[in-house]
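Engineer: Okay, predicted coordinates and the sequence, questions at the end:
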Amino acid sequence: MMSKKIPKVGDKFHRFIDLEKLEEGIDTEARTVQLAFASEEPYERWWGIEVIDVNRLDLTRLNNSAALLYNHDPDALIGVVTRAWTDDDKIARASVRFSESDLGQEKFSQVMEEVLTKVSFGYEITAMEEINMVAKVGDEDKKAYRVTASPFEISMVSIPADDVGAGVGKSIDKDIVHGSAVVESKDKLKALEVSVMEKEKTVENEVENTPTIDTKELERAAFEKGQLARAAYEKEVREICGLVGMNEKADVFISENVDVKHVREALIEAKAAQDTQEVSVVRIEAGEDLKVKRDEERVNQLAHLINPALKRSDVFGSIRGPQGLLKNIMKESNVDVSEMTADDLTDSLLSRDHSTSDFSIILKDAANKALLESFDAQLAVQNWRVMCREREVADYKEINVARLGESPDLVEKLEGSEYTSGTVSETGEAYRVKDYGRMVSFTDRALRNDDLGAFSRGLLQFGSSAARKESDIFYDQFQNGTVDGSTMYSVARNTLQATTSLDIPGLSTLRQALMTQTGLDSSAALNLMGSYLVVPPSLYTEAQQLMNGQYVPTQVGQANVFLGTMQVVTDSRLPDGAWYMTADLSQIDLFEIAYLSGRRVPMLENRINFSTDSLDAKIKHSFAIKAIDYRGLQKATI
């Protein structure tokens, strides 16, 4: 019998396989490689023979963008796992993407050259059970165990580590051991004199030889291991903070679970802010990158104060309001703010003191971030966008949209005759982008009171109002727009159906009218199909019943032929007394919205106003919406 203990749940191991033996797919342009990393072939461990249960592998961590490493070194990151899966042949495979870093490029080249051909993976045991077989290695019988595992990284390795002698890995940490491959092929099985045979066991032998695994003990051990790791992390953070005399920051870092690398960066910046000669060299070397990161965080913090729905972080220290931000900015310009009052800080800002110049920039960026979040939240209710194309234009000049007729019909070419020419009609619509905007002020009283309330409410309301303005203009065009100088809905254009109820016969009437719309050059039908049912709120329930019900609402047992044929669109801007059916944009143009290039969302600009002692912000949104073609629209009056 074995004298060494079997592993516990939570123990970590490595296994490897030859890349050259895999059915890989390599995309050189995308820098991706498809590889196999695990199979059910037995591996020799000091405690016995291990058989990975491939079908029960927990691939959650791998499918969460796990690391692709070199030689299991966490500091040698060469790529990322993009996807991991298991196949019917009981092989676990993954698709990995190599980084464009120097190390990533080097290892990808070595894989392409078939120089780097070994694949290994790190995993944690989540469950194991003894199986009814033994393996003979030399003169020693070894028990076999089926292992359920949770892989956490994949590595390209130059030389697989061996644990037959020592049993302790050399690439990660002392808790992770590497496996020596007992089996990579049947030939290697014979070479290692490993034979697997069914073991005839009596009930007594099973009781005697089966290892007893106390699950509660394993859970306790795993908990204690996590507690030890947490204690080691907290100890390291406190030691780093103590070295620079900033013990008070340790609790903040620990509560936010800031990793050790970012703790060091934050402390370097905090010391730099003290303007000591000793730390000034550090600022020269690392200050610029840290300033960018710090200012980005300040933008996020201020944006969070304006709009609490946005996330924030406090790696570089927290701010409670505009004055806290002002103080930090002025300290970095070597201004002593220890005795400055709220009035002093506000006067410095309103007088455009050079030491406060970053404040307006950060406030502008934060306000734009909060404004965008508020605007985007309203886009979800702009269900009219399915009927509206989007484009960008360079300026405020007139936009001309051509509307082409259909291609001419083909005609027979008689023997010896020439091909005849056809014509394509063209009409068009013209419109231009307009500006819409408002002002909001951050008064000196709000600054002195450290209050963002009114300013925040104004910004969030403007974000919503910008989206509402788009909807107002769209539905005005939808109901009252003109095409070729005439109203879109008329009997002459076959787009207006009078006294038509929202029911099966009414839907049939509008569908037929859409299908029989003709082109600009001939009487040929366009065969347009209804894709959207546009109704006021008063008809919304009936429209949903018609589109989602298996049977006609008012007639028991009659099948609903319009089930699922159209998407229902509703809006409070649509008055009672009418409903609409429209085609899809893939069939014909309907409406178009144009934005100035790079300004699809409302923008904010700010300035110091000497006349009112305030920080003024201007919100501007530039766009236009225009009806393009009437033939994909149908209106019914009730």
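Structural biologist: Sure, I can see it. Residues are numbered from 1 along each chain as shown.
Engineer: hey, where'd the strands end up in the stretch 401-550 of the chain?
Structural biologist: 426-431, 434-443, 482-483, 486-487, 496-497, 532-535 (DSSP state E, counting those that start in this stretch).
Engineer: Now do the contacts for the residue nearest to N55 when sequence neighbours are not counted.
Structural biologist: Sequence neighbours aside, T86 is the residue nearest to N55 in space, at 6.3 Å (criterion: CB to CB, 6 or more residues apart in numbering). Backbone N, C-alpha and C define where each C-beta goes, glycine included. T86 makes contacts with V54, N55, L57, L59, A92, R93, as judged by CB atoms under 8 Å, 6 or more residues apart in numbering.
Engineer: so the fifth one sits right up against L35, yeah?
Structural biologist: No. With contact defined as CB atoms under 8 Å, A92 does not count as touching L35 (10.0 Å).
Engineer: Looking only at neighbour counts, state which of those two leads.
Structural biologist: Using other CB atoms under 10 Å, the more surrounded residue of A92 and L35 is A92, with 23 against 20.
Engineer: follow-up on the earlier one: farthest pair within the contacts of T86?
Structural biologist: N55 and R93 (13.4 Å; CB to CB).
Engineer: So those two - more neighbours on which side?
Structural biologist: Counting neighbours by other CB under 10 Å for N55 and for R93 shows that R93 has the greater number, 19 against 11.
Engineer: Surely that one and G25 touch.
Structural biologist: No. Contact between R93 and G25 fails when scored by CB under 8 Å: they sit 9.9 Å apart.
Engineer: intersection of neighbour lists for the two?
Structural biologist: Q34.
Engineer: ok, back up a step: pLDDT score for the residue nearest to N55?
Structural biologist: Confidence at T86, expressed as pLDDT, is 90.
Engineer: Wait, a helix at L371?
Structural biologist: Yes. According to DSSP: H, G, I helix; E, B strand; the rest coil, L371 belongs to a helix.
Engineer: and the gap between it and F121?
Structural biologist: 46 Å (CB to CB, to the nearest Å).
Engineer: count of residues packed around T82?
Structural biologist: Quick note: T82 (other CB under 10 Å) scores 17 neighbours.
Engineer: oh sorry, the question was meant for N257
Structural biologist: The number of residues packed near N257 is 8, by other CB under 10 Å.
Engineer: Spell out which residues sit in contact with it, please.
Structural biologist: Contacts of N257 (CB under 8 Å, 6+ apart): none.
Engineer: got it, and the one 10 residues further on?
Structural biologist: With contact set as CB under 8 Å, 6+ apart, L267 has these partners: I240, C241, V244, M246, K249.
Engineer: Report pLDDT for it.
Structural biologist: At L267, pLDDT is 77.
Engineer: repeat for R600
Structural biologist: For R600, pLDDT reads 85.
Engineer: Tell me the bridge partners for L604.
Structural biologist: I619 (DSSP bridges).
Engineer: ok, V54 touching A38?
Structural biologist: Yes. V54 lies in contact with A38 (CB under 8 Å); the separation is 6.0 Å.
Engineer: Give me the common contacts of the two.
Structural biologist: With CB under 8 Å, 6+ apart, V54 and A38 have common neighbours I91, A92.
Engineer: of these two, who's got more company?
Structural biologist: Between V54 and A38, counted using other CB under 10 Å, the more crowded position is A38 (26 against 16).
Engineer: Closest one of the contacts of L267 to G557?
Structural biologist: Distances from G557 to the contacts of L267, taken by CB to CB, are shortest for K249, at 73.5 Å.
Engineer: Distance check, the residue nearest to N55 against V157.
Structural biologist: Distance from T86 to V157, by CB to CB: 22 Å.
Engineer: cool, and Y551?
Structural biologist: 64 Å.
Engineer: Show me which of these two is the more surrounded one.
Structural biologist: V157 (22 against 13).
Engineer: Model confidence for that one, exactly?
Structural biologist: For V157, pLDDT reads 87.
Engineer: now do I125
Structural biologist: Note for I125: predicted pLDDT of 87.
Engineer: Could you verify my assumption that V260 touches E236?
Structural biologist: Yes. Between V260 and E236 a contact is recorded at 5.9 Å, counting by CB under 8 Å.
Engineer: I'd like to know how many residues surround the closest residue to L69 other than its chain neighbours.
Structural biologist: Excluding the flanking residues, the one nearest L69 by CB to CB, 6+ apart is S155, at 4.4 Å. The number of residues packed near S155 is 25, by other CB under 10 Å.
Engineer: Make sure I have this right: F108 is in a helix.
Structural biologist: Yes. With three-state DSSP as the criterion, F108 is part of a helix.
Engineer: I figured it was touching A30, is that so?
Structural biologist: No. Applying CB under 8 Å as the test, F108 and A30 come out as separate, 11.0 Å apart.
Engineer: Of those two, which one has the most company?
Structural biologist: Applying other CB under 10 Å to F108 and A30 shows that F108 carries more neighbours, namely 24 against 11.
Engineer: Quick one: residues contacting that one.
Structural biologist: Residues in contact with F108, defined by CB under 8 Å, 6+ apart, are R31, V33, I78, G79, F98.
Engineer: Just the buried residues from these, in PyMOL please.
Structural biologist: The command below creates a PyMOL selection of those among those that count as buried (16 or more other CB atoms under 10 Å):
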select buried, resi 31+33+78+79+98
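Engineer: Closest to G437 out of the contacts of F108?
Structural biologist: Closest to G437, out of all of those and judged by CB to CB, is R31, at 45.6 Å.
Engineer: Who are the contact partners of the residue nearest to that closest one when sequence neighbours are not counted?
Structural biologist: Among residues not flanking R31 along the chain, F98 sits closest, at 4.6 Å (CB to CB, 6+ apart). Going by CB under 8 Å, 6+ apart, F98 touches R31, T32, V33, L68, I78, G79, G104, Q105, K107, F108, V111.
Engineer: can you do 10 Å?
Structural biologist: The contact partners of F98, by CB atoms under 10 Å, 6 or more residues apart in numbering, come to 30-33, 68, 78-80, 104-109, 111-112, 156.
Engineer: What about those residues, which are in strands?
Structural biologist: Judged by DSSP state E, those include T32, V33, L68, I78, G79, V80, M156 as members of strands.
Engineer: out of those, who's nearest A627?
Structural biologist: Distances from A627 to the ones in strands among the contacts of F98, taken by CB to CB, are shortest for T32, at 46.1 Å.
Engineer: So that closest one is in contact with T82, correct?
Structural biologist: Yes. Shown here, T32 and T82 form a contact pair, counting by CB atoms under 10 Å, at 6.9 Å.
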